[in-house]
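# below: sequence and its predicted model.
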Amino acid sequence: MNQQVQQTLQTLGWNEAFANHFAPYAEQGYSVGRITLEHKRIYRLLGEHGELLGEVTGKLRYEATGREDYPAVGDWVVISPRAEEKKATIHAVLPRKSKFSRKAAGDNVEEQIVAANVDTVFLVNALNNDFNIRRMERYLILAWESGASPVIVLSKADLCDDLDARMREVESIAIGVPVHVVSAEQGEGLEELAPYLSEGKTIALMGSSGVGKSTLINKLSGTDMQKVSEVREGDDRGRHTTTHRELFLLPSGGLMIDTPGMRELQLWEADEGFRGAFDDIETLGQSCRFGDCQHMREPGCAVREAIEDGSLEKARFDSYLKLQRELAHLARKEDARLQAAEKDKWKKINVQMRQRKPKR
């Protein structure tokens, strides 16, 4: 890979770790690109050949065991480019350094990767009537689990009557997480976000519908990249505008992934993320008299003592228990799914072996 190509890719977030993973493919003459948009298994990607439309190979599709094996926005993929046609064939997805995942909507237990290879996750929450501290906890769990660094962005500050009270609520659950207050509409507080947007760094915007993600992108990019809808009368909420995940290049050299507002944010495999989001309760639990304390009626429970003396809100502890149960339920369902997938895989292998067996 020559220096010019290397520099082009570095502006898209390429680094030495990706280069090492790609090295065996480079020896075979393949190129690499980064996914900027996905639409019904058709992918738009950027790389040394500019913007191309890509489709995965039949082999990749056959070997995929679920959605997580397909490219997602932010992924680096191994390609055979057809530059004259502005198209490419996608052969493989390079290992991800981070991924923000949730359980796909519906009853099926399946991972949906919202954004891949992200450095920082902006968790955008509006300071108007849509403010919801419990929803924020869910986003924090998935952000900690993703491998990226979470940052809380409190938007629509111009619509908040008591900013100090809101900040105290957020700081009580966002232990060690940077919190920035902005009003994209008024252009206030945006300078605080600049350090996260340096060249080659990828930021993903997460938040529910109408919290102001599209307005924020437009202000940071200096152009109307994303359509913005008016706030609804009656409940102070913006209308849902973004309909797909997309990666943008910003004038600062940073890259930003906008995502549709999530009406449903179900957790997905979040052991580390859970501990990160509830570090205060987990730390308190280490001081309980019994190592296996369930924080219910056991004597010497430090968590219950903290609730009684007011240093821990009961609502936060109730949320902790609820999300813990949700993760345990998901783990049981996922275990059953994996067992079924493994059984199906060996069934396919046995069929193939019988088909290849020479006839006498």
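Cool, got the structure. The structure presented is a predicted model; accordingly, all values stated were derived computationally and were not measured.
# report the secondary structure state of residue 32.
What DSSP: H, G, I helix; E, B strand; the rest coil gives for residue 32 is strand.
# nearest spatial neighbour of it, chain-adjacent residues omitted?
Spatially, and ignoring its direct neighbours in sequence, residue 32 is nearest to residue 22 (5.5 Å; CB to CB, 6 or more residues apart in numbering). The way it works is simple: take the backbone N, C-alpha and C, and place the C-beta from them, glycine included.
# can you count the residues close to that neighbour?
Close neighbours of residue 22, defined as other CB atoms under 10 Å, add up to 21.
# quick check: it vs residue 31, distance?
In this view, residue 22 and residue 31 are 9 Å apart by CB to CB, to the nearest Å.
# name the residues that touch the strand or helix carrying the residue nearest to residue 32?
Following DSSP states H and E, one finds residue 22 within helix 16-27. The contact list for helix 16-27 (CB atoms under 8 Å, 6 or more residues apart in numbering) reads 1, 32, 76, 78, 91, 92, 94, 95, 97.
# now the fifth one, what's its secondary structure?
Three-state call for residue 91 (three-state DSSP): strand.
# can you pull the contacts of residue 282?
residue 275 are the contacts of residue 282 under CB under 8 Å, 6+ apart.
# would you mind listing the buried residues in the helix or strand it falls within?
Using DSSP H and E, residue 282 sits in helix 279-285. Buried residues in helix 279-285, defined by neighbour count with 16 or more other CB atoms under 10 Å: 280, 281, 284, 285.
# now the first one: how far from residue 274?
Note on residue 280: its distance to residue 274, by CB to CB, is 13 Å.
# which neighbours do residue 22 and residue 31 share?
The overlap between the contact sets of residue 22 and residue 31 (CB under 8 Å, 6+ apart) consists of residue 78.
# where along the stretch 101-250 of the chain do the strands fall?
Using DSSP state E, counting those that start in this stretch, the strands of the stretch 101-250 of the chain run over 111-116, 120-126, 149-155, 179-181, 202-206, 246-249.
# make CSV from those strands and add mean neighbour count to it.
Output for the strands of the stretch 101-250 of the chain, formatted as CSV (neighbours: other CB atoms under 10 Å):
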stretch, mean neighbour count
strand 111-116, 23
strand 120-126, 25
strand 149-155, 23
strand 179-181, 17
strand 202-206, 26
strand 246-249, 20
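# kindly reformat the ones you listed as TSV containing mean pLDDT and distance to residue 260.
Converted to TSV, the strands of the stretch 101-250 of the chain look like this (pLDDT from 0 to 100; distance: least, CB to CB, whole Å):
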stretch	mean pLDDT	distance to residue 260
strand 111-116	86	9
strand 120-126	92	13
strand 149-155	93	16
strand 179-181	95	22
strand 202-206	92	10
strand 246-249	90	10
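# possible to save the ones you listed as JSON lines with distance to residue 68?
Below are the strands of the stretch 101-250 of the chain laid out as JSON lines (distance: least, CB to CB, whole Å):
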{"stretch": "strand 111-116", "distance to residue 68": "5"}
{"stretch": "strand 120-126", "distance to residue 68": "18"}
{"stretch": "strand 149-155", "distance to residue 68": "21"}
{"stretch": "strand 179-181", "distance to residue 68": "31"}
{"stretch": "strand 202-206", "distance to residue 68": "17"}
{"stretch": "strand 246-249", "distance to residue 68": "19"}
